[in-house]
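[1] requesting a structural model of the entry that follows:
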Amino acid sequence: MAYPVVHFEINGTDGQALEKFYAEVFGWHVRSLPEIGYATIDTHAGRGINGGIGTARQDPFVTFYVETPDVDATLAKAESLGAKTVVPVSDVGVARFALFADPQGNVMGIVAPSEGPGVSEGNGVAVDWFEVLGPDASALKSFYSELYGWDLHGEEGAEWVYYHLDNPADRGIGGGVGASPDGQPHVTPYAMVDEFQTYLDRAESLGGETAIPPTEAPGITFAQIRDPQGLLFGLWKPAE
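    From the prediction side, this is the model:
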């Protein structure tokens, strides 16, 4: 059974400023927990995954967490496949988790199963796609297929390589693993929107910028915003 992606996380230099930014851009319900320097996000979309916002101890980063029945064993396996531990297995009351950097530098999270409240019903913007990019898409495919049991099926063009993980029917979200245009590692969650300009304009009015304008790809249109602390977040919708 493939391990599901169950949580996204945004870690910047000023977590509280990011809480305000993402709550206003997407209308998400953000609950600040200043005593632990973290905030939880409930998108109120009725589907997809929820997330969190924190203050990075070192370099800011965006990541997502994959649920695994044995965090210790999964971290050990990731290391055996060439990953490096960023945060060792830790218990924080409500979660047992770890972070590692994959062989191409993407920071990824793993977390033990929990009985969280899930995504509340509502008309919020759903986070329902993830993306992991690096200079060698084939090597990334092999790494994540072996580590998580993901069935990644691919598309190859003259200038790009991209492998899809289908959206599961029961838990988690679908995503993609591919080659990065700039040769650098990138981890990006994507929110599904009905149109782009409202969110791009809103992000810019709050100090962000448009990193990638609406761009067509096979079967979808996507864009990316860069928040005021330089972190990327994706927008997408099915092609019309």
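[2] low-confidence ranges in the protein?
    Scanning the chain for pLDDT under 70 picks out 155-159, 169.
[3] quick one: the helices in it, in order.
    For the chain, the helices defined by DSSP state H occupy 15-26, 71-80, 137-148, 197-205.
[4] can you redo those as JSON lines with mean neighbour count and distance to P185?
    Placement of C-beta: from N, CA and C, glycine included. Converted to JSON lines, those look like this (neighbours: other C-beta atoms under 10 Å; distance: least, C-beta to C-beta, whole Å):
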{"stretch": "helix 15-26", "mean neighbour count": "20", "distance to P185": "21"}
{"stretch": "helix 71-80", "mean neighbour count": "17", "distance to P185": "15"}
{"stretch": "helix 137-148", "mean neighbour count": "20", "distance to P185": "9"}
{"stretch": "helix 197-205", "mean neighbour count": "16", "distance to P185": "23"}
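[5] distance to Y162 added to these, as TSV?
    TSV is the format used below for these (distance: least, C-beta to C-beta, whole Å):
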stretch	distance to Y162
helix 15-26	25
helix 71-80	22
helix 137-148	7
helix 197-205	23
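[6] out of these, which gets nearest to P117?
    helix 15-26 (18.1 Å; C-beta to C-beta).
[7] distance of the residue lying closest to L231 once chain neighbours are set aside from S90?
    Using C-beta to C-beta, 6 or more residues apart in numbering and skipping the chain neighbours, the partner closest in space to L231 is V62 (5.3 Å). Distance of V62 to S90, given as C-beta to C-beta, to the nearest Å: 19 Å.
[8] over to T198?
    Noted for T198: a distance of 38 Å to S90, by C-beta to C-beta.
[9] again, but for E131
    As judged by C-beta to C-beta, E131 and S90 stand 26 Å apart.
[10] okay, those two: which has more neighbours?
    E131 (21 against 11; other C-beta atoms under 10 Å).
[11] burial of D70, as a residue count?
    12.
[12] list phi and psi for the closest residue to it other than its chain neighbours.
    Excluding its sequence neighbours, the residue lying closest to D70 (C-beta to C-beta, 6+ apart) is A112, at 7.9 Å. Main-chain torsions, A112, degrees, to the nearest 10: phi -80, psi 150.
[13] can you verify my assumption that A112 contacts Y65?
    No - using C-beta atoms under 8 Å, A112 and Y65 do not qualify as a contacting pair, with a distance of 10.0 Å.
[14] the two - which one has more neighbours?
    Y65 (23 against 18).
[15] residue contacts, K84?
    100-101 (C-beta atoms under 8 Å, 6 or more residues apart in numbering).
[16] gap between it and Q184?
    17 Å.
[17] which residue is the nearest non-sequential neighbour of the residue minimising distance to the centre of the chain?
    The centroid of the chain falls nearest to P189 when counting by C-alpha atoms, centre = their mean (3.4 Å). Counting by C-beta to C-beta, 6+ apart, F8 is the residue found nearest to P189 once chain neighbours are left out, at 4.1 Å.
[18] so what's that neighbour bridging to?
    When bridges are called by DSSP bridges, F8 pairs up with G51, F64.
[19] that one: what's it in contact with?
    Here F8 is in contact with 49-52, 62-65, 127, 130, 189 (criterion: C-beta under 8 Å, 6+ apart).
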